[in-house]
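A.B. asks: fold the following and give me the result.
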Amino acid sequence: MLDMNFVRAQFPAFSEPSLRGQAFFENAGGSYTCTQVIDRLTRFYRARKVQPYGPYDASRLGGEEMDEARTRLAALLGVEADELSFGPSTTQNTYVLAQAFRQFMQPGEAIIVTNQDHEANTGPWRRLADDGIEVREWRIDPDTGHLDIKDLENLLDDKVRLVCFPHCSNVVGEINPVLEITALCHAAGAFVCVDGVSYAPHGFADVGGMGPDIYLFSSYKTYGPHQGIMVMRRALGELLPNQAHYFNADTLYKRFTPAGPDHAQVAACAGMVDYMDALGAHHGVAAGGAHDLMRDHEVRLLQPLLDAVKDRNSVRLIGPEQATSRAPTVALALNRPGAEVAAEMAKRGIMCGGGDFYAVRALDAMGVDMRNGVLRLSFVHYTTEAEVTKVIEALDAVL
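C.D. replies: Below you'll find the predicted structure:
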């Protein structure tokens, strides 16, 4: 069991007077930032805000802190340090990758995308059709939002070079079996790109163990600053054309980040690992073991919320009804605009959102009225049982 007093003490937002009395249920849009990240960011701006990697102390220390962030995050994810890089956002990272594949692939070759994704991991790839690349769509079940692996098997052949899919969707919430899907794609000779943005806040994944060639997520959703984090495994990274300055081509973590890094934010990302280390140490587990603590807590709190909404006549629950198979990102299709309901929830101390959340293809495929979109309630491991009760009571009052 998570020690919630310890957990919440690591996040200054919970002691912020202006946020008192409000329960935060839009974590899928961005999490609160832990104090370890804030401390590192503040230190960098105070004492290291110079060009890094120079011979003088402030510069040297700044560069060392940037390297520390990459090395420790890579270790947490089970990959080599130079297989991890930082970019301005996951959307931007994906766009750069798409340009690399545009040069790498030949007309007539194919990629597979899904309609379960956030647009960031589907739109850039679909644009490759303009250059003669065949784009195949792995489609969700219109009733459940589920991606059936048998449907993927029917799409795979020797023309497919890349398969892109989410670890979990930001509206469907179902956790896809990355290990199984990756093994299937690799057996067919295809590379794999996984959008981990909506899963990573619920526990940093063992990317090395799952085996995808590319894994993407956003640090502002994992208690850190606004950066896109990209794992690019060496075999693929050295094969794809360099997208950075020609003189950086021999450095793997620079090959797909043409823009200069945000020094302070990169350095501050080490604070996310500081937090995971502290969480694990407090509970007597390794930093990687904190993943299971976080997930167990979320599952326990999520099921009552799912039970409260799944049988309401005026509500359509998007995605699985069982907490064990999904992330605590709960999208509800209503008979009126989700944004309107979110505004009413705000009056009752619930911070949540309404709209399409850049998952237009998924919601449209499931027959959701796009004029209404959905109401989305999302939480993470620092959410309490009392806050879940509060959101259920607010839903009862509003709906």
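
A.B. asks: got the contact list for C164?
C.D. replies: Shown in contact with C164 (CB atoms under 8 Å, 6 or more residues apart in numbering): 111-114, 117, 121-122, 125, 192-195. C-beta coordinates here come from the backbone N, C-alpha and C atoms, glycine included.

A.B. asks: host element of it?
C.D. replies: strand 160-166 (DSSP states H and E).

A.B. asks: buried stuff in the helix or strand hosting A308?
C.D. replies: Assigned by DSSP H and E, A308 belongs to helix 290-309. Neighbour counts over helix 290-309 (16 or more other CB atoms under 10 Å) mark 290-291, 293-295, 297-299, 301-303, 305-306, 308-309 as buried.

A.B. asks: residues in contact with that helix?
C.D. replies: Where contact means CB under 8 Å, 6+ apart, the residues beyond helix 290-309 that reach it are 1-2, 202-205, 276, 279-280, 283, 285, 315, 317, 321-324, 326-328, 330, 332, 377, 379-381, 383-385, 388-389, 391-392, 395-396.

A.B. asks: for it, what does the pLDDT average out to?
C.D. replies: Averaged across helix 290-309, pLDDT comes to 96.

A.B. asks: ok, now stretch 59-66?
C.D. replies: 98.

A.B. asks: check stretch 248-265 too.
C.D. replies: Averaging pLDDT along stretch 248-265 gives 95.

A.B. asks: make 273 the first number, not 1, from now on.
C.D. replies: That works, and once the first residue is 273, the last one we named lands at stretch 520-537.

A.B. asks: can you name the residues in contact with that stretch?
C.D. replies: 313, 316-317, 320-321, 324, 334, 338, 342, 353-360, 364-365, 368-369, 372, 491, 497-499, 502, 504, 506, 509-510, 512, 514-517.

A.B. asks: for Y492, see how far away the residue nearest the centre of the chain is.
C.D. replies: For the chain, V469 is the residue whose C-alpha lies nearest the centre (CA atoms, centre = their mean; 1.0 Å). Distance of V469 to Y492, computed by CB to CB, to the nearest Å: 10 Å.

A.B. asks: returning to that earlier point: helix or strand next in line after the strand holding C436, which one?
C.D. replies: Next helix or strand after strand 432-438 toward the C-terminus (DSSP H and E): helix 450-459.

A.B. asks: just checking, what packs against whatever helix or strand comes next after that next one?
C.D. replies: Per DSSP H and E, the first helix or strand lying C-terminal to helix 450-459 is strand 463-467. Counting contacts by 3 or more CB pairs under 8 Å, 6 or more residues apart in numbering; DSSP states H and E, strand 463-467 packs against helix 362-376, strand 432-438, helix 450-459, strand 486-490.

A.B. asks: mind checking the pLDDT average for the last one?
C.D. replies: When you say that, I think you mean strand 486-490. For strand 486-490, the per-residue pLDDT averages 98.

A.B. asks: I'd like to know which of the contacts of stretch 520-537 are buried.
C.D. replies: By neighbour count, with 16+ other CB under 10 Å, these hold 313, 316, 320, 324, 334, 338, 342, 354-360, 364-365, 368-369, 372, 491, 497, 499, 502, 504, 509, 512, 514-516 as buried.

A.B. asks: just those residues: which are in helices?
C.D. replies: Under the assignment DSSP state H, the buried ones among the contacts of stretch 520-537 contribute 313, 334, 338, 342, 364-365, 368-369, 372, 509 to helices.

A.B. asks: I'd say F296 and T655 touch.
C.D. replies: Yes. Using CB atoms under 8 Å, F296 is in contact with T655, at 7.5 Å.

A.B. asks: looking at these two, which is more packed in?
C.D. replies: Taking other CB atoms under 10 Å, F296 and T655 do not tie; T655 has more neighbours (23 against 20).

A.B. asks: what's the closest non-adjacent residue to that one?
C.D. replies: L573 (6.4 Å; CB to CB, 6 or more residues apart in numbering).

A.B. asks: burial count for S441?
C.D. replies: When neighbours are counted by other CB under 10 Å, S441 registers 31.

A.B. asks: could you do the one 4 residues further on as well?
C.D. replies: Neighbouring residues of G445 were enumerated by other CB under 10 Å; the total is 27.

A.B. asks: enumerate every residue touching it.
C.D. replies: With CB under 8 Å, 6+ apart, G445 has these contacts: 470, 590-592, 598-603.

A.B. asks: D467 contacts S490, correct?
C.D. replies: No. Applying CB under 8 Å as the test, D467 and S490 come out as separate, 9.9 Å apart.

A.B. asks: between these two, which contacts overlap?
C.D. replies: Between them, D467 and S490 share the contacting residues T362, judged by CB under 8 Å, 6+ apart.

A.B. asks: now intersect the contacts of helix 562-581 with the helices, please.
C.D. replies: 548, 551-552, 555, 657, 660-661, 663-664, 667-668.

A.B. asks: just to revisit the earlier point, what average pLDDT does the strand holding C436 get?
C.D. replies: Averaging pLDDT along strand 432-438 yields 98.

A.B. asks: report the angle between the axes of it and helix 450-459?
C.D. replies: Counting by axes from the mean of the first three to the mean of the last three CA atoms, to 10 degrees, strand 432-438 lies at 170 degrees to helix 450-459.

A.B. asks: what strands line up against strand 432-438, and which way round?
C.D. replies: Strand 432-438 pairs in its sheet with strand 382-386 (parallel), strand 463-467 (parallel), by DSSP bridges.

A.B. asks: can you tell me what sits against the last one?
C.D. replies: Identification of contacts with strand 463-467 by CB under 8 Å, 6+ apart yields 362, 366, 369, 389-390, 392-393, 433-439, 450, 453-454, 457-458, 482-489, 508.
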